[in-house]
Each structure stands twice: as C-alpha cells, then as structure tokens.
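S.K.: quick check, what structure comes out for this input:
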Amino acid sequence: MALVVAKFGGSSVATAERIKNVASRLVARHRAGDQVVAVVSAMGDNTDYLVDLARSINTNPPKREMDMLLSTGEQVSVAVLAMAVEALGVPAISHTGAQVGIYTDDTHTAAKIDHISAEHIRDDLSEGRIVIVAGFQGINSRGEITTLGRGGSDTTAVALAAAIQADFCEIYSDVDGVYTADPRICPRAHRIDKLSYEEMLELSSNGAGVLQLRAVEFARKYGVVIHALSSFVTDSPGTFVMKAEDIMTNDSMEGPVISGVAHDLSEAKITLRHVPDIRGVAAMLFERMAELNVNVDMIIQDISHEGLTDISFTAPLNDVEKLTPACKELSETIKADGVEINTHIAKVSLVGAGMKSYPGVSAKMFRVLADNGVNISMISTSPIRISIIIDADQCELAVRALHTAFGLDDEDSSGSVKVVR
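M.R.: Numbering: from 1, shown residues only. Predicted structure coming up:
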C-alpha cells in the first residue's frame, strides 16, 4: 500500500467526462489499497476567463480581490470531482487550501507556503476517504485567501506530499513526461525516463513547462519523488524526478552528458548604453529592479572603454512595461546614452549533469551554432547548464541543431508525440 499525492491540471478536468475519468483513476488506486490525495487545478481555461473578467471591470484590480476571485476556480473542481468519486461508490471529501491548513505569507497573487497543518488529511485518509484538495491556494495569518501564482497547483501537490510524507507525488498533465526538447519544434525529441532535481530545475527555469520551478525546488528540499505523467496516455511510464544518486544504475554509472535542450521566448533584453564606469551604478540599477519586483535573469557588463561601459540584462517580457520608465530615468540620472530594449529574443539552454565533468561541451555548442549561422549575444553558465541569448527567429534552428549534435535525436521517432491539447 502506498500513500500517493496525485495532481491533475486544468486540461485533465476540463470537462465532465474528463472529471469522471480522473475519478475512475483515483477510485482504481483506492481499491488497489493505496491512500490517495488528489490536488486539482481549475477546469480548463477557467482561470484565464476569470482574469479577463476582472480586467474588463477594473484594468488594475486589487490583488487581494484577485485572490478571492481566482480561488473559486479550484473550489468548483474539487467539489465536482468529489461528487464523481462518490458516484463510483467510494467516500470522498473536498477541501479548499484554507480548510486543509495550507498557511502562506501575505503576498497576494504570489504567496509562498509557510507551513501546512495536515491533520485533516490524515484523519480523512484514516477513515478510508479519497481526499481532494484545491491547488494554487492557501490562507495567510489574517485568515485571507491567498494564491501561489501561475502553476501553483504543482507546488501545492509537492508541499502536501512533503507534509504527509507521501511515497511519491504524481503530476498529471497533457504530456506524458519530460522531453529532451519541445516536441512541437523538435520532432525527434523523446521522453526522458529519469532526471535529477538539479537537471529539472535548470530545464524548468529555462523554458521547459512540464513542471513548475517552485514545485521542483520544494521536491529537492524535502526529497519528494515526482512522477510526471499524462492524464490521457495510459501506456507511458512518464518521467521520474529524484535525487541524482538514486538515478545511477548498474549498467550506467554515469548518465548522458546532455539531458535536454530548453528554450524560452518569454524574455526581453535590456541594455543601458555608455554607462559611466563608476562605483555603485550596477547596484542602483538592480536595486531598482528589485523594488519593482522584476526577476532579472542574465547580466553582462562590457569591459570599460574610455570610462564608459554597456550593461545588459534579461527580464520577463511581462515586466517590460514597468521597468522601461525606471531604466530611462536611471539612464538620465547617471548620464548614460540611453536604453535599448529588444523583445524579440530567445534563450536556448543545454542542460545535463554530465557536462560538469566532460570538457568541450561549450566549444561544441558554439561551433554547432556558428556552422548554422546562429549569432550569440549573451552567454550564461552553471555547472550543469549553458544558456545563450539569440534572435527569436533562430530559436527553432538552434534547438534542432543542438539536439542532433549532442546525440539526443530519437532515431525511432516518427515525428509524433503523446501530447493532448
């Protein structure tokens, strides 16, 4: 008998029929002897609908009220899924984040989990129920509803798995695991059987959208094994995300050098031209970005020439509107030559735990890109990742070329992939 947390995304519960399918899956696990906790997202595109509704009424809606509104989507999902389970003859109970004891900080629309009081879940499981929990939401110290940000249901599931010491956490979505590249642009991409937490963190933070970054961070911190699966493809073993030492096998003491190629088209490149090379300028710039809650990614400062330098960094496209006036104001204050903003870029990343002990990866990467006419404007590295910024128009070419060059192509692939949209 296993104690399992199973999270189902919005596409998995988008219709009444799909909700019934999820209920059947949960009931089958329960009857096989497992104790099951389900975490559910809002149905289909319900969250997007609610966001659009709010903004049609108020172009700048209060964040507290947005949390009140958006949390209703998951409340609908858990209630109807509990009804579907009960219809199959198994007792079930639904809970909001507040009812199940998910306590967060006070940051509306982007709250972080402080602690979880899991007594209700344990009591319900001991009574033989399937427990169904609303993802994406919690409650702060003042009793107000909070939400965890986009994709927060993954974090809810992993956090609950850690709190109740589940054997593993299953994340069901519309793809059957983590792939070596986005199969929509790289037809020879194939599913990866196992990944370390570190590799999955790099893939998630650099564009792979199967698992939310915060959920993987939570899993690594508490040692929760994640099993990424499809709600619709029943014959796929999915992808396991776990400790690196647990991945080693007798026939492969070391994994492949490269695990995957990720890409991200959601960033912009901002450059302050001819900045006076004096102490404190970079601090002023990035302190201002922090005040605006802008998540800065890659940073490059050129070598000073005649007392002037260029500072470039990347940030989310969604933040360009609010960071632009701040950068222009700073540019005038420090007497720089102005600000350039490029919203037509792509970040492409090679990820693999093997590269930290394998020389020549960067040389091969840059040669492949050069031979394919891809120009690089920024480079960033970690022990298991190399990221570059290139023109967005060259993104697909770069991903496919690197995927082939590093031996990731699936020779048996027919160009099809198990994805449901």
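
S.K.: need the residue closest to the centroid of the protein.
M.R.: When C-alpha atoms, centre = their mean is applied to the chain, the residue found nearest the centroid is Gln212 (2.4 Å).

S.K.: now do the helices in the stretch 51-200 of the chain.
M.R.: Assigned by DSSP state H, counting those that start in this stretch, the helices in the stretch 51-200 of the chain fall at 63-87, 97-100, 119-126, 152-163, 197-205.

S.K.: highest mean neighbour count out of these?
M.R.: The highest mean neighbour count among these, using mean count of other C-beta atoms under 10 Å, belongs to helix 152-163: a mean of 28. The C-beta positions use only the backbone N, C-alpha and C, and glycine is treated the same way.

S.K.: which stretches of this structure have low pLDDT?
M.R.: Low-confidence segments of the chain, defined by pLDDT under 70: 248-256, 411-421.

S.K.: and the residue of it positioned farthest from its centre, backbone torsions?
M.R.: With distances taken as C-alpha atoms, centre = their mean, the residue sitting farthest from the centre of the chain turns out to be Glu306, at 42.8 Å. For Glu306, the backbone dihedrals are phi 60, psi 40 (criterion: degrees, to the nearest 10).

S.K.: who's in contact with the spatially closest residue to Ser231 that is not a sequence neighbour?
M.R.: Distances taken as C-beta to C-beta, 6 or more residues apart in numbering place Ser12 nearest to Ser231, at 3.8 Å, with adjacent residues excluded. Applying C-beta atoms under 8 Å, 6 or more residues apart in numbering to Ser12 gives the contacts 18, 22, 41, 172-174, 231-232.

S.K.: wasn't Ser12 part of a helix?
M.R.: Yes: with the criterion set as DSSP: H, G, I helix; E, B strand; the rest coil, the secondary structure at Ser12 is a helix.

S.K.: out of the contacts of Ser12, who's the most crowded?
M.R.: Comparing those on neighbour count, Ser41 comes out first with 29 neighbours (neighbours: other C-beta atoms under 10 Å).

S.K.: which residues touch that one?
M.R.: Applying C-beta under 8 Å, 6+ apart, one finds that Ser41 lies in contact with 7-10, 12-13, 47, 73-74, 77, 135-136, 153.

S.K.: quick revisit: between the helices of the stretch 51-200 of the chain, which gets nearest to Ile247?
M.R.: helix 197-205 (9.4 Å; C-beta to C-beta).

S.K.: what angle do the helix or strand following that closest one and helix 197-205 make?
M.R.: Downstream of helix 197-205, the first helix or strand assigned by DSSP states H and E is helix 213-222. Between the axes of helix 213-222 and helix 197-205, defined by axes from the mean of the first three to the mean of the last three C-alpha atoms, to 10 degrees, the angle is 170 degrees.

S.K.: quick revisit: and which of the contacts of Ser41 is nearest Asp105?
M.R.: Here the nearest of the contacts of Ser41 to Asp105, counting by C-beta to C-beta, is Phe136; it sits at 15.2 Å.

S.K.: wait, that closest one sits on Thr156?
M.R.: Yes: the pair Phe136 / Thr156 is scored as a contact, 6.2 Å apart, by C-beta atoms under 8 Å.

S.K.: count residues in the vicinity of Leu308, would you?
M.R.: Burial measure for Leu308: 14 neighbouring residues, criterion other C-beta under 10 Å.
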